[in-house]
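> make a model of this:
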Amino acid sequence: MNTSAPAAAARVALERLIDYAGLFPPARLPLESALAEYDRARASAERWLLGRFILPASQLGELRALVRGGEQREFSIIVDASADPRSWFGAAAQSFEAIAKVRAAGWAHVGALELPLPRLATARETYDAAIGQCAALAAQAGLRDLPIYVEVVRDERFTELLPGAMDALARYRLCAKLRCGAVDPDAYPSVAEVSSFLAMACEANVAFKATAGLHHPVRHWNAGAGVTMHGFLNLLAAAAFAPRIDRDVLESIVGEEDPSAFGLDRTLRWRDWEASETDLATTRTQRFAGYGSCSFQEPVDDLRALHILAVH
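Coordinates of the predicted model:
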């Protein structure tokens with residue numbers, strides 16, 4: 001592997017892969033400290049890996065007080081919306097309106113939106129109506145030109161409702177968001193759930209981002225958290241190979257825990273499978289857009305340990 005600079009394929013695969021989520025657990029930094037960390041990452045040699053700063057819409061006012069002229073940060077704004085279906089629409093509408101005002105004023109660069117769907121009120125409901133409302137609210141606020149990553153609630157009907165949700169996202173030209181972890185170990189999706197999400201998103205031609213529990217490149221047991229965490233390199237490889245493999249192979253990639261099974265220099269490799277620079281460009285633009293991490297340094301250090309990034 002290249003140890004002095006990333007090869008072209010590695011650059012294509014990893015550029016702007018990591019959205020910075022320092023406001024969220026386990027980091028939970030105050031906004032001013034998180035912005036300082038983001039700025040340090042923007043000044044580092046690995047800044048090409050860095051994507052947007054993830055900010056809840058509820059903190060836009062606090063952000064305004066900290067922003068100074070000439071700053072070039074790009075934000076992905078999480079639309080604040082209640083999990084309760086009775087109040088979700090009103091809360092989401094207020095967030096969209098606030099984001100639109102910020103964008104119109106021009107004091108912050110809004111590059112993407114993220115929106116959690118509400119819980120379903122009855123067992124007979126699907127997510128079609130809520131996804132349609134997402135599109136309508138964004139259109140009403142003049143924000144439909146932005147990528148909007150919609151997160152489906154992970155509950156006992158998650159896998160059952162995914163095909164319909166992906167079809168609706170494709171129909172309304174929205175993107176998907178996959179939560180790969182949380183503070184509670186029970187909140188980590190299984191290999192089968194992650195694989196189903198990836199397969200269905202690729203089949204529906206829905207681009208997606210991931211979030212939570214993805215500090216490290218390769219799936220591994222984390223003794224401190226008491227859970228096996230997913231790896232962002234697993235997701236990247238799975239998304240790259242998804243159009244040409246069956247579900248069993250996809251699950252093997254998502255569940256792979258051997259770092260030596262992966263390679264990334266002139267191509268991306270997983271065992272006997274290989275993805276070219278062209279394949280990776282398609283993967284990043286049409287399938288796996290990136291992921292949110294509350295640490296930028298941890299994934300950088302791990303990529304150096306795998307000799308994918310240069311060791312300074």
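> in stretch 8-20, what's buried?
Judged by neighbour count (16 or more other CB atoms under 10 Å), stretch 8-20 contains these buried residues: 9-10, 12-20. (Each C-beta comes from the backbone N, C-alpha and C, glycine too.)
> JSON lines for those residues, including pLDDT, distance to Phe232 and secondary structure?
JSON lines is the format used below for the buried residues of stretch 8-20 (pLDDT from 0 to 100; distance: CB to CB, whole Å; DSSP: H, G, I helix; E, B strand; the rest coil):
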{"residue": "Ala9", "pLDDT": "90", "distance to Phe232": "16", "secondary structure": "helix"}
{"residue": "Ala10", "pLDDT": "92", "distance to Phe232": "14", "secondary structure": "helix"}
{"residue": "Val12", "pLDDT": "96", "distance to Phe232": "15", "secondary structure": "helix"}
{"residue": "Ala13", "pLDDT": "97", "distance to Phe232": "11", "secondary structure": "helix"}
{"residue": "Leu14", "pLDDT": "97", "distance to Phe232": "9", "secondary structure": "helix"}
{"residue": "Glu15", "pLDDT": "97", "distance to Phe232": "14", "secondary structure": "coil"}
{"residue": "Arg16", "pLDDT": "98", "distance to Phe232": "13", "secondary structure": "coil"}
{"residue": "Leu17", "pLDDT": "98", "distance to Phe232": "7", "secondary structure": "coil"}
{"residue": "Ile18", "pLDDT": "98", "distance to Phe232": "8", "secondary structure": "strand"}
{"residue": "Asp19", "pLDDT": "98", "distance to Phe232": "11", "secondary structure": "strand"}
{"residue": "Tyr20", "pLDDT": "98", "distance to Phe232": "14", "secondary structure": "strand"}
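> spatially, which two of the residues you listed are the most separated?
Farthest apart among the buried residues of stretch 8-20 by CB to CB are Ala9 and Tyr20. That separation is 24.1 Å.
> OK, contacts around the residue nearest to Ala204 when sequence neighbours are not counted?
Using CB to CB, 6 or more residues apart in numbering and skipping the chain neighbours, the partner closest in space to Ala204 is Met166 (3.9 Å). Residues counted as contacts of Met166 (CB atoms under 8 Å, 6 or more residues apart in numbering) are 176, 200-201, 203-204, 206.
> before we move on, what about Ala187?
Going by CB under 8 Å, 6+ apart, Ala187 touches 154, 179, 181.
> that one and Leu174, how far apart?
As defined by CB to CB, to the nearest Å, Ala187 lies at a distance of 23 Å from Leu174.
> just read off the phi/psi values of the closest residue to Leu23 other than its chain neighbours.
Excluding its sequence neighbours, the residue lying closest to Leu23 (CB to CB, 6+ apart) is Ala34, at 5.1 Å. For Ala34, the backbone dihedrals are phi -60, psi -40 (criterion: degrees, to the nearest 10).
> quick one: Ala34 and Phe24 touch, right?
No - Ala34 lies out of contact with Phe24 (CB atoms under 8 Å); the separation is 9.2 Å.
> could you give the number of residues near the residue nearest to Leu23?
When neighbours are defined as other CB atoms under 10 Å, Ala34 has 22 of them.
> same question, Tyr188
For Tyr188, using other CB under 10 Å, the count is 21.
> touching, it and Met229? I think so.
Yes - between Tyr188 and Met229 there is a contact at 7.1 Å, judged by CB under 8 Å.
> which residues do these two both contact?
Here Tyr188 and Met229 have 180-181, 213 as joint contacts, going by CB under 8 Å, 6+ apart.
> in the stretch 1-150 of the chain, which spans are strands?
Using DSSP state E, counting those that start in this stretch, the strands of the stretch 1-150 of the chain run over 18-20, 50-56, 74-78, 109-116, 148-151.
> which one of those strands has the most crowded surroundings?
strand 18-20 (a mean of 25; mean count of other CB atoms under 10 Å).
> quick one: contacts of it?
By CB under 8 Å, 6+ apart, the surrounding residues in contact with strand 18-20 are 34, 37-38, 41, 49-54, 76, 209, 211, 290-294, 296, 299.
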